[in-house]
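**Q** Predicted coordinates and the sequence they were generated for:
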Amino acid sequence: MELNKQQKEAVTYNGDAKNVLVTAGAGCGKTRTIIARAAHLYKSGTDAARILIMTFTNRAAREIKLRLKSEIGAASEQMQAGTFHAFCLKVMTKLPKSFAISGLSIIDTDDQNSLMSLIRKEFFKIQGTTQGKAQRKTQGSSRKGIPKTRQLLTYYSYSRNTCQSPKEYLEAQSDFEPDTITACCDLFSQYQKAKDTRGYLDYDDLLERFSDALKKKPQLKKAVCTLFNEVLVDEMQDTNPIQFEILKHFADEGVRLFCVGDPAQSIYRFRGAEFRHVYQFQEIFGESITIPLSLNYRSYQEILDFSNWLLGRSPLEYRNELTAHRGACRYIPRLEEFEHGSEEASWIADTILERFEADVPFSDIMILYRSSYDAKPLEAELIRREIPYRFIGGILLTKSAHVRDVLALLRIVRNTKDDLAWLRFLQLWPRIGERTAEKIYNLISSAAGNEIVEHGLSDSLGPDHPALEAFQAAVKYYDSPLKCLKSVTRSLNSALRDRYDNWKQRSKDLELLIRVAENYQDTADFIDDFTLEPLNDTEISKKSTDDAVTLITVHSAKGTEAPICIVAGATQSNYPHFRSLGDIDAEEEERRVLYVALTRAQNELIVTRSSFHRNAFWVQSSPAAGEKYFLEELPEDLITKSLHGWSPDTVSGLGALEDVF
């Protein structure tokens, strides 16, 4: 593996500093450096099993494993590489008694929502009683005052990932009265108890239980952490406080941390990510060295000059001024301006077709949007023009109802106490509604073992009921993910076909699910992987050889690149996003979002915007606001501008608004 001077210094470092922080700018080879470091450690005599690589997505972990195999062969299989959540789950399932998780199941966001909804509904039912009305004075909160289910889960999750108590977090918000905070905390407590009773773990439990157990049990902490000589962390800037706490456990036991990150690409604040971790690395860990990577292999210098300019206007010091290994191409980025969003979408479609006619593959073109909502006009235009495209950041395969129905049956076989899965599975069948499903579940919930459950189903539904047949098929083939999926989809086919419209398309999703199952040896691992990181249907169904334009949200675009990138909808309301206004930290993250979008381009960068875009013309009066629009006062030597469909009166009118914006 070829390395430049900066990369080689990082990869081979073995000096006095205990921990290594590599600050790698966009396109500077973060993943290559991680892989080369792991390979170097192995070739230098480190046991492959004692090297741990922590990533933020399963996709990144898969890529690292694949590339490591080409470097060091079969030894790569012994290295541990995966997400924080997957690592914690793996350790805890190996030591279930130490972490008190024996027999527990992972639930996804939809299941969390269902469970919290039940608890919230019960809360209001109690409020409706005489006792509840008395409680209302202390727990306050009318129905109107309590956040909705999804918002409750968001607040609870954020507080846990940032290592705050829910009460402390809610008190820091200005929107809540003390009585509402008390009521919310009561709901959080009931939600946690409900999970414990049912044997459920949600995503946040994986990190929290793991870290808490290591804090409370020093011997367990030492035993787990010292299994490894070095922990390599990809995308360090995306760590949230609880993930950082987990890394601290390793450092406390003398395990070296080798962390690679770029503060300029920290864009997940809404998940609790703290980009300042990169700046505080030395302060927190001590005995550390920082090695910068600033040689960009992706883009031409003209694209980097524009990206560097954007960061240079920030009050923060991002440290890395990127230089292009490829040099200059004398083709500077373009800004295309339109009066209406429909004109913008039409022009983008025209440009795509012009390039295709000039022998540029559709797959060479990536369109980046701030949100999936913003992409809808272009999607409509591409469909009208019959331009093939795939949208990344769209529907998740395992969020589809028919796919969740299949997974519910697998979950039942794994854990017969999984009431949410039971209720979903039973209601697939005709004449079984919510109440009937609850009665059936209550009859079989005390049963232990699949054979006894089968008898309970038979007594409740009859020995020839198709639900019993489907359950028996899942039990029979559970030890083989592929056979199990084939058998279950065959057993459920009739019920699903009668239940859902457009079955021909939906059945293809189940075929994709079976294809994915071919890669698994253990059905429990299959369930956990899909629960921890649901796959987008395009990630499975589209091969790299498919020729289609890529539409992608910026938050989904980390780690991607394309020869031609169009950053669409770059309006005043999107950069910074209007919801961030008045919060300096949020506004600054918006600058980083735009920076990530710009730095995806390899050869050509085009930025488009329209005037009459939703919320495009806004006036910010908050004294806390920072820069109003990132793409004003653009240097003429860094970007060329073109106006499309603008009348002289419109141009003159915009000039009069210059002082406003």
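**A** Yes, it's here.
**Q** for the stretch 351-500 of the chain, what spans make up the strands?
**A** Here the stretch 351-500 of the chain has its strands, by DSSP state E, counting those that start in this stretch, at 365-369, 389-392.
**Q** Just name the most buried of the ones you listed.
**A** Neighbour counts (mean count of other CB atoms under 10 Å) averaged over each of the strands of the stretch 351-500 of the chain peak at strand 365-369, with a mean of 26. Where you see a C-beta, it was placed from the backbone N, CA and C, and this is true even at glycine.
**Q** quick one: strands adjacent to that strand?
**A** Taking DSSP bridges as the criterion, strand 365-369 pairs within the sheet with strand 549-553 (parallel), strand 562-567 (parallel).
**Q** Comparing the strands of the stretch 351-500 of the chain, which yields the minimum mean pLDDT?
**A** Least confident of the strands of the stretch 351-500 of the chain, judged by mean pLDDT, is strand 389-392 with a mean of 84.
**Q** May I have the strands that pair with that strand, each with its orientation?
**A** Strand pairing for strand 389-392, determined by DSSP bridges: strand 549-553 (parallel).
**Q** Give me the residues contacting the partner strand.
**A** Strand 549-553 is contacted by residues 352, 362-363, 365-372, 375, 378-379, 382, 387-393, 560, 562 when judged by CB atoms under 8 Å, 6 or more residues apart in numbering.
**Q** 7 Å instead, please
**A** 352, 362, 365-369, 371-372, 375, 378-379, 382, 387-393, 560, 562 (CB atoms under 7 Å, 6 or more residues apart in numbering).
**Q** How far off centre is that strand?
**A** Its chain's average C-alpha position is 16 Å from that of strand 549-553, according to CA atoms, centre = their mean, to the nearest Å.
**Q** Buried by neighbour count: which residues of it qualify?
**A** By 16 or more other CB atoms under 10 Å, the buried positions in strand 549-553 come out as 549-553.
**Q** What segments of the stretch 1-150 of the chain are strands?
**A** Applying DSSP E, counting those that start in this stretch to the stretch 1-150 of the chain gives strands spanning 19-24, 51-55, 80-83, 105-106.
**Q** Make a markdown table out of the ones you listed and add distance to Ala570.
**A** Putting those into a markdown table (distance: least, CB to CB, whole Å) gives the following:
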| stretch | distance to Ala570 |
| --- | --- |
| strand 19-24 | 26 |
| strand 51-55 | 30 |
| strand 80-83 | 31 |
| strand 105-106 | 39 |
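**Q** Compare the ones you listed and give me the one nearest Pro635.
**A** Closest approach to Pro635 among those is made by strand 19-24 (25.9 Å; CB to CB).
**Q** among the strands of the stretch 351-500 of the chain, which is nearest Lys195?
**A** Between those, strand 389-392 lies closest to Lys195; by CB to CB that is 31.6 Å.
**Q** just to revisit the earlier point, can you redo the strands of the stretch 351-500 of the chain as JSON lines with distance to Glu438?
**A** Below are the strands of the stretch 351-500 of the chain laid out as JSON lines (distance: least, CB to CB, whole Å):
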{"stretch": "strand 365-369", "distance to Glu438": "43"}
{"stretch": "strand 389-392", "distance to Glu438": "38"}
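**Q** Centre of the chain to the longest strand belonging to the chain, how far?
**A** Ranked by residue count under DSSP state E, the longest strand found in the chain is strand 601-612. Remark: strand 601-612 is offset 25 Å from the chain centroid, using CA atoms, centre = their mean.
**Q** Which elements pack onto whatever helix or strand comes next after it?
**A** Next helix or strand after strand 601-612 toward the C-terminus (DSSP states H and E): strand 640-644. If you count contacts as 3 or more CB pairs under 7 Å, 6 or more residues apart in numbering; DSSP states H and E, strand 640-644 packs onto strand 334-340.
**Q** tell me what the strand it packs on is packed against?
**A** helix 341-357, strand 601-612, strand 640-644.
**Q** Relative to Gly261, which of the ones you listed is closest?
**A** Nearest of the helices and strands packed on strand 334-340 to Gly261, taken as CB to CB: strand 601-612 at 21.6 Å.
**Q** can you list contacts of the closest one?
**A** With CB under 7 Å, 6+ apart as the test, strand 601-612 has contacts from 298-300, 303, 331, 333-341, 343-344, 348, 561-571, 598.
**Q** got the buried residues for that strand?
**A** Applying 16+ other CB under 10 Å to strand 601-612 flags 601-611 as buried.
**Q** Considering the residues you listed, which is situated nearest to Ser580?
**A** Ser580 has its nearest neighbour among these in Arg609, at 17.7 Å by CB to CB.
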